[in-house]
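Asks: Test case, fold it:
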Amino acid sequence: MFGIGGGIVIVPLLLLVTAMPARMAAATSLATLILTALIGVVRYSGTGHIDWLAACVIGAPAVVGVLIGIRFQKRLPAEWLILGFGVFVIAIGLKFVLAI
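Replies: Alright, predicted model coming up:
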């Protein structure tokens, strides 16, 4: 729950428990996930379980998406970010509950 994709748990906890601003919570969550991912890469690279070509093919568009997303979120009011994230969390919760 706190590894890659764990932002769905970490961001609300940072917002509620620490009263951190929305942008800072999102950035802190991403930094945490990057550190987690790096540890996984180091661990798995020693065992030869990484397909580097696939990682690059998947990672390159992800980097572009992150850069676009950062520019987009800087222009949105913080309230919209919180509302959008809330709608996203509700949608994920409904997906789990209804098993769609």
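
Asks: Now for Val9, how many residues are close by?
Replies: 13 (other Cβ atoms under 10 Å). Bear in mind the C-beta positions are built from the backbone N, C-alpha and C, glycine included.

Asks: any idea how far it lies from Gly93?
Replies: Val9 sits 12 Å away from Gly93, taking Cβ to Cβ, to the nearest Å as the criterion.

Asks: How about Ile58?
Replies: Relative to Gly93, Ile58 is positioned 27 Å away (Cβ to Cβ).

Asks: the strands in the protein, which residues?
Replies: Secondary structure of the chain (DSSP state E): no strands located.

Asks: Ramachandran angles for Met20?
Replies: Here is the backbone geometry of Met20 (degrees, to the nearest 10): phi -70, psi 140.

Asks: pLDDT wise, what is it at?
Replies: Looking at Met20, its pLDDT stands at 92.

Asks: and what of Ala62?
Replies: With respect to pLDDT, Ala62 has a value of 87.

Asks: and it, what does it touch?
Replies: Residues near Ala62 by Cβ atoms under 8 Å, 6 or more residues apart in numbering: none.

Asks: before we move on, the earlier item: which residues are in contact with each of Val9 and Gly93?
Replies: Counting by Cβ under 8 Å, 6+ apart, Val9 and Gly93 have no contacts in common.
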